[in-house]
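>>> sequence first, then the predicted structure, then my questions.
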Amino acid sequence: MMGVALTIAGSDSGGGAGIQADLKTFQELGVFGTSALTAVTAQNTLGVHGVWPLGPEAIRAQMDAVFADFDVAAAKTGMLFSGEIIGEVAAGLAAAGNPVLVVDPVMIAKGGAHLLREEAIAAMRDKILPVATVITPNIPEAEVLAGMAIRSAQDMEEAGRRLIAMGAQSVVVKGGHMEEEKRACDLFMDGRGERIWLSAERIRTKDTHGTGCTFSAALTAFLAAGEPLEKAVGGAKRFIHAAISDGLGLGGGHGPTNHWAYHRAGNALKGEVLIDS
Ligand SMILES: Nc1ncnc2c1ncn2[C@@H]1O[C@H](COP(=O)(O)OP(=O)(O)OP(=O)(O)O)[C@@H](O)[C@H]1O
Ligand SMILES: Cc1ncc(CO)c(N)n1
């Protein structure tokens, strides 16, 4: 049967991040995409112009409607904005029996806009992290959640260990923000001691809007299609690497990535993306 994936995230009017990136990625990877919108943003490649969160009731009703009618094989969370929304999303997930869950702990957009309120960080730690099958923080997010500075591969490992100790089943610490490194390296870790480094050439481009959303959506899609987690993280890295490599040149700021590129790149990706355990 067709795999069904659910994204619980914000809308990006610019189409490169948020719900839009998630649904495009689900579609590309052959799973059926459903959504529960948490907030509307007025946004383009230059920045976030406004944020309007939805009421918790509206968010919960979307989740309940999807879970009542579809067999959701994997879900993901993106922009959750407030502690109140996080509480409702956690309750909606629990009511659905806590499905396989990818948590992208979105905090700050590329231009600096806050997509998660300060007051919501504790709720993210206490209510969402413990139900995550895998959490995918970037470096600044991992620093906030793990409560430490990250400047090296060893720091990434220590942050990963702390997030697992806090209740996440597994973690991908994404190294996109380690800009002085020649390669873009992400670390996957789980509670049983598995470690996989995902590494690819760092592309010189400003078109990196929505890379985190797209990576976590690809991971969710591979899981919804039935891939084991260790393979799904490699697939997600190949998907995002293709999407960044084959830029679209849209917009005047940080442009979106190319969600079609993965299928065009085909086998070439096997050599470009190194997966080391
Ligand atoms: N310039 C780049 N070249 C190659 N890969 C990159 C580059 N920038 C980011 N990546 C990869 O993209 C994925 C997303 O990582 P990143 O750390 O950028 O996420 P993010 O900060 O959450 O993204 P965003 O907030 O824009 O959605 C990771 O696999 C990372 O290694
Ligand atoms: C709606 C939304 N979610 C997530 C991000 C993070 O990239 C963004 N810029 N906008």
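It's in. Residues are numbered from 1 along each chain as shown. Ligands and ions are numbered 1, 2, ... in the order given.
>>> so after the helix or strand of the chain with the lowest mean pLDDT, what's the next helix or strand?
Least confident helix or strand, the chain: helix 268-272 with a mean of 74, by mean pLDDT, DSSP states H and E. Next along the chain after helix 268-272, taking DSSP states H and E as the criterion, comes strand 274-276.
>>> buried ones in that next one?
I275 (16 or more other CB atoms under 10 Å). All C-beta spots, glycine's among them, are computed from the backbone N, C-alpha and C.
>>> in its sheet, what does that strand sit against?
As defined by DSSP bridges, the strand partners of strand 274-276 come to strand 195-201 (antiparallel).
>>> and the least confident helix or strand of the chain, how far from the chain's centre?
The chain centre lies 22 Å from the centre of helix 268-272; the measure is CA atoms, centre = their mean, to the nearest Å.
>>> next one: stretch 268-277
Mean-position distance between stretch 268-277 and its chain equals 20 Å (CA atoms, centre = their mean).
>>> distance of whatever residue of the stretch 1-150 of the chain ends up closest to ligand 1 relative to A159?
Using CB to the nearest ligand atom, N138 is the residue of the stretch 1-150 of the chain that sits closest to ligand 1, at 3.4 Å. As judged by CB to CB, to the nearest Å, N138 and A159 stand 11 Å apart.
>>> so D207: helix, strand or coil?
Under the three-state scheme (DSSP: H, G, I helix; E, B strand; the rest coil), D207 adopts coil.
>>> related to what we said a few turns ago, which strands and helices sit next to the least confident helix or strand of the chain?
Applying 3 or more CB pairs under 8 Å, 6 or more residues apart in numbering; DSSP states H and E, one finds that helix 268-272 contacts helix 229-245.
>>> ok, then the element right after the helix it packs on?
Criterion used, DSSP H and E; the element after helix 229-245 is helix 261-265.
>>> buried ones in that following helix?
For helix 261-265, a neighbour-count test (16+ other CB under 10 Å) marks 261-262, 265 as buried.
>>> going on from whichever helix or strand W52 is part of, what's the next piece of helix or strand?
For W52, the enclosing helix or strand under DSSP H and E is strand 47-53. Downstream of strand 47-53, the first helix or strand assigned by DSSP H and E is helix 56-69.
>>> that next one packs against which elements?
Going by 3+ CB pairs under 8 Å, 6+ apart, helix 56-69 lies up against strand 4-12, strand 32-44, helix 83-95.
>>> what lies in contact with the last one?
Outside of helix 83-95, the residues that reach it under the criterion CB atoms under 8 Å, 6 or more residues apart in numbering are 8, 36, 38-39, 53-54, 56-57, 59-60, 63-64, 67, 75, 77, 80, 99, 101, 117, 119-120, 122-124, 127-128, 131.
>>> tell me the buried residues in that helix?
For helix 83-95, by 16+ other CB under 10 Å, it's 83-90, 92-93.
>>> what about it and ligand 2, touching?
No - using CB under 6 Å from any ligand atom, helix 83-95 stays clear of ligand 2, coming no nearer than 12.9 Å.
>>> and whichever helix or strand comes after that helix with ligand 2, contact?
Counting by DSSP H and E, the next helix or strand C-terminal to helix 83-95 is strand 101-103. No - contact of strand 101-103 with ligand 2 (CB under 6 Å from any ligand atom) is absent, the minimum separation being 12.9 Å.
>>> so in that sheet, which strands flank strand 101-103, and in what orientation?
Going by DSSP bridges, the partners of strand 101-103 are strand 72-77 (parallel), strand 134-135 (parallel).
>>> how about these, which one is nearest ligand 2?
Comparison of the strands paired with strand 101-103 against ligand 2 by CB to the nearest ligand atom identifies strand 72-77 as nearest, at 10.5 Å.
>>> thinking again about what came up before, okay, the buried residues of helix 83-95 in TSV with pLDDT next?
Formatted as TSV, the buried residues of helix 83-95 follow (pLDDT from 0 to 100):
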residue	pLDDT
G83	98
E84	98
I85	98
I86	98
G87	98
E88	98
V89	98
A90	98
G92	98
L93	98
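>>> closest one to D71 among the helices and strands packed on helix 56-69?
strand 4-12 (6.1 Å; CB to CB).
>>> three-state assignment of the residue nearest the centre of the chain?
Central residue of the chain (CA atoms, centre = their mean): S216, 3.1 Å from the mean position. Put simply, S216 is helix when judged by three-state DSSP.
>>> kindly state the pLDDT recorded for it?
In this prediction, S216 carries a pLDDT score of 98.
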